[in-house]
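K.L.:
pasting the sequence and the predicted coordinates here, then a few questions.
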Amino acid sequence: MSEALRITRVDITPVAFKDPALLNAVGVHEPYALRAVIEVTTDQGITGLGETYADEGHLRRLRTAADAITGMDVHELGPMHRRIAQALGGDSGSDGHGLTGMITTSSTVDRVFSPFEVACLDIRGRAAGRPVCDLLGGAVRDRVPFSAYLFYKWAAHPGHEPDDWGAALTPEDIVAQARRMVREYGFTAIKLKGGVMPPEQEVEAVLALREAFPATPLRLDPNAAWTVETSLKVARDLEGVLEYLEDPTPGQEGMARVAREAAMPLATNMCVVAFDELPSAVRADAVQVVLSDHHYWGGLHRSKLLAGICDTFGLGLSMHSNSHLGISLAAMTHLAAATENLTYACDTHWPWKDPAEDVIVSGALGFHDGSVAVPRGPGLGVELDRDALARLHEQYLRCGLRNRDDTGYMRRLDPTYEKKTPRW
Ligand SMILES: O=C([O-])[C@@H](O)[C@@H](O)[C@H](O)[C@@H](O)C(=O)[O-]
Ligand SMILES: [Mg+2]
């Protein structure tokens with residue numbers, strides 16, 4: 001029997017990287033996005049990487065979990081999940097911004113466990129000289145397609161220099177943004193983050209995209225900003241145009257009412273965000289596509305479990321994204337490569353990140369024809385850039401942001417702003 005790889009040390013480093021003024025249903029992105037970089041080191045001197053959210057409560061829970069798993073073998077992932085659940089003792093968190101649904105205790109454990117699982121798989125891959133996708137059953141594709149993720153946005157954060165994307169507030173701006181993303185990355189699917197403008201303007205933007213990209217699959221995601229009635233009107237206006245409509249309205253019951261009459265499939269990363277939310281969604285036929293996300297579904301193995309459940313119940317599978325760095329992109333790519341029924345192009349916020357800011361050594365991951373080649377090196381196939389990690393940690397300390405708060409930021413800029421779900 002091969003030797004155990006025991007965890008001797010865990011480092012958790014919060015980082016901040018620049019984020020443009022991207023608008024969504026609950027406000028606007030702050031000037032920096034926060035992430036935590038996890039390094040797990042073993043008694044044989046192998047270090048594995050994970051990446052996750054960095055809100056204060058989550059950081060506190062990560063530290064509790066890190067203490068709980070020190071001394072464990074990186075092969076004991078089931079016991080590790082249980083140990084973390086015990087150590088958290090029911091301490092559950094919320095996603096604050098409200099864009100990924102209610103966070104239950106069980107999904108809090110999954111959120112906390114996830115980056116440690118990824119780091120353990122990175123270690124196991126490095127030790128065995130195999131890429132992580134091989135530990136997940138092997139790659140069924142050698143390139144993973146991602147979608148262009150369009151946002152309404154301001155030209156700049158108030159008081160900051162403009163970014164080089166410019167403002168996007170009209171259908172013409174949205175088409176121009178899509179053209180640039182497709183030109184630079186080669187994306188073959190397009191998603192528009194909606195819930196920002198009145199629905200008829202977002203319909204107009206999608207129709208303009210359809211005209212500019214006649215054969216490209218299109219998606220619209222207003223993050224539950226619409227009533228059932230509004231959702232049905234938009235569904236009628238966009239019949240035959242959308243590949244799927246993502247989270248038009250809040251809750252499974254509302255989604256089921258929309259699903260009964262809408263011609264296109266409904267997708268979600270809001271009303272099904274944990275395993276215990278699947279049975280009722282299946283019974284009500286509330287959604288036809290689930291967006292997986294290993295950061296909150298409990299890592300790569302549990303995301304494959306979700307994939308199996310979706311397959312069994314005839315649900316489509318896509319992949320959700322928040323603002324992220326290269327360790328996450330590598331993990332998403334390995335997971336998608338090893339998940340046969342993940343047949344939709346995955347979401348990624350990657351193009352919104354300043355290319356000069358990341359915590360990994362550049363060159364391991366790149367977009368060609370809208371897809372990322374699955375890294376073939378051992379583990380995740382990415383290496384930590386320690387100087388960059390130190391710089392982005394400094395930036396975290398300096399920027400003063402400690403929790404994602406799109407609504408609070410919007411309210412500071414516009415005190416009349418109100419968060420309403422649904423808004424229209
Ligand atoms: O980054 C954003 O503003 C997105 O709205 C994100 O927070 C969502 O979780 C996500 O991308 C989604 O698909 O709902
Ligand atoms: Mg969504």
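P.N.:
That came in fine, so what should we check first? Ligands and ions are numbered 1, 2, ... in the order given.
K.L.:
residues from the protein in reach of ligand 2?
P.N.:
By C-beta under 5 Å from the ion, the residues of the chain that approach ligand 2 are 221, 246, 269. The C-beta positions use only the backbone N, C-alpha and C, and glycine is treated the same way.
K.L.:
recalculate using a threshold of 6 Å.
P.N.:
Neighbours of ligand 2 within the chain, by C-beta under 6 Å from the ion: 221, 223, 246-247, 269, 320.
K.L.:
turn the residues you listed into a markdown table, columns for neighbour count, secondary structure and pLDDT.
P.N.:
As requested, those are arranged in a markdown table below (neighbours: other C-beta atoms under 10 Å; DSSP: H, G, I helix; E, B strand; the rest coil; pLDDT from 0 to 100):
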| residue | neighbour count | secondary structure | pLDDT |
| --- | --- | --- | --- |
| Asp221 | 28 | strand | 98 |
| Asn223 | 25 | coil | 97 |
| Glu246 | 28 | strand | 98 |
| Asp247 | 29 | coil | 98 |
| Asn269 | 26 | coil | 97 |
| His320 | 25 | coil | 97 |
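K.L.:
so can I have CSV of those residues showing distance to ligand 1?
P.N.:
Converted to CSV, the residues of the chain next to ligand 2 look like this (distance: C-beta to the nearest ligand atom, whole Å):
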residue, distance to ligand 1
Asp221, 5
Asn223, 5
Glu246, 6
Asp247, 6
Asn269, 5
His320, 5
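K.L.:
what's the farthest-apart pair in those residues?
P.N.:
Asn223 and His320 (11.3 Å; C-beta to C-beta).
K.L.:
now do the contacts for His160.
P.N.:
Pro31 (C-beta atoms under 8 Å, 6 or more residues apart in numbering).
K.L.:
now with 10 Å, please.
P.N.:
The contact partners of His160, taken as C-beta atoms under 10 Å, 6 or more residues apart in numbering, are 18, 20-21, 31, 154.
K.L.:
quick check: Ser106 touching Ile84?
P.N.:
No. Ser106 is beyond contact range of Ile84, at 11.6 Å (criterion: C-beta atoms under 10 Å).
K.L.:
need the overlap of contacts for those two.
P.N.:
Shared contacts of Ser106 and Ile84, defined by C-beta under 10 Å, 6+ apart, comprise Gly298.
K.L.:
so what pLDDT did the closest residue to Thr105 other than its chain neighbours get?
P.N.:
Sequence neighbours aside, Ser92 is the residue nearest to Thr105 in space, at 4.2 Å (criterion: C-beta to C-beta, 6 or more residues apart in numbering). Listed pLDDT for Ser92 reads 82.
K.L.:
which residues of the protein fall in helices?
P.N.:
Assigned by DSSP state H, the helices in the chain fall at 56-69, 77-88, 105-128, 132-135, 171-185, 199-212, 228-237, 252-261, 278-284, 294-297, 299-312, 326-337, 386-399, 406-413.
K.L.:
CSV please, covering those helices and showing mean neighbour count and distance to Cys346.
P.N.:
Output for these, formatted as CSV (neighbours: other C-beta atoms under 10 Å; distance: least, C-beta to C-beta, whole Å):
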stretch, mean neighbour count, distance to Cys346
helix 56-69, 18, 23
helix 77-88, 17, 23
helix 105-128, 25, 16
helix 132-135, 24, 14
helix 171-185, 18, 13
helix 199-212, 19, 19
helix 228-237, 19, 24
helix 252-261, 19, 21
helix 278-284, 15, 20
helix 294-297, 26, 11
helix 299-312, 20, 12
helix 326-337, 28, 6
helix 386-399, 15, 24
helix 406-413, 17, 22
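K.L.:
nearest to ligand 1, of those helices?
P.N.:
Closest approach to ligand 1 among these (C-beta to the nearest ligand atom): helix 406-413, 6.7 Å.
K.L.:
any bit of the closest one sitting next to ligand 1?
P.N.:
No. Applying C-beta under 6 Å from any ligand atom, one finds helix 406-413 separated from ligand 1 by no less than 6.7 Å.
K.L.:
and that helix, how far from the chain's centre?
P.N.:
In terms of C-alpha atoms, centre = their mean, to the nearest Å, the gap separating the centre of helix 406-413 from the centre of its chain is 22 Å.
K.L.:
who touches it?
P.N.:
Helix 406-413 is contacted by residues 21-31, 96-99, 154, 157-159, 401, 405, 417-419 when judged by C-beta under 10 Å, 6+ apart.
K.L.:
ok, now with 6 Å
P.N.:
By C-beta atoms under 6 Å, 6 or more residues apart in numbering, the list of residues contacting helix 406-413 from outside reads 26-28, 30, 97, 158, 417, 419.
K.L.:
output it as CSV, nothing but the C-alphas.
P.N.:
C-alpha atoms of helix 406-413 as CSV (Å, rounded to 0.1, in the frame of the first residue of the first chain):
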residue,chain,number,x,y,z
ASP,A,406,-22.6,45.1,-4.3
THR,A,407,-25.7,46.7,-2.7
GLY,A,408,-23.9,48.6,0.0
TYR,A,409,-21.5,50.0,-2.6
MET,A,410,-24.3,51.1,-4.9
ARG,A,411,-26.1,52.7,-2.0
ARG,A,412,-23.0,54.7,-1.0
LEU,A,413,-23.0,56.0,-4.6
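K.L.:
next, format the helices of the chain as a markdown table and append mean pLDDT.
P.N.:
Shown next, in a markdown table, are those (pLDDT from 0 to 100):
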| stretch | mean pLDDT |
| --- | --- |
| helix 56-69 | 97 |
| helix 77-88 | 98 |
| helix 105-128 | 96 |
| helix 132-135 | 98 |
| helix 171-185 | 98 |
| helix 199-212 | 99 |
| helix 228-237 | 99 |
| helix 252-261 | 98 |
| helix 278-284 | 98 |
| helix 294-297 | 97 |
| helix 299-312 | 98 |
| helix 326-337 | 98 |
| helix 386-399 | 98 |
| helix 406-413 | 98 |
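K.L.:
isn't Val228 right next to Thr249, touching?
P.N.:
Yes. The criterion here is C-beta atoms under 6 Å, and Val228 meets it with Thr249 at 5.4 Å.
K.L.:
so what sits against both of those two?
P.N.:
Common neighbours of Val228 and Thr249 (C-beta under 6 Å, 6+ apart) are Val258.
K.L.:
which bits of the stretch 201-350 of the chain sit near ligand 1?
P.N.:
221, 223, 269, 320-323.
K.L.:
give me the domain ranges for this structure.
P.N.:
The chain is divided into the following domains under automatic domain parsing: 7-132+386-398, 134-373.
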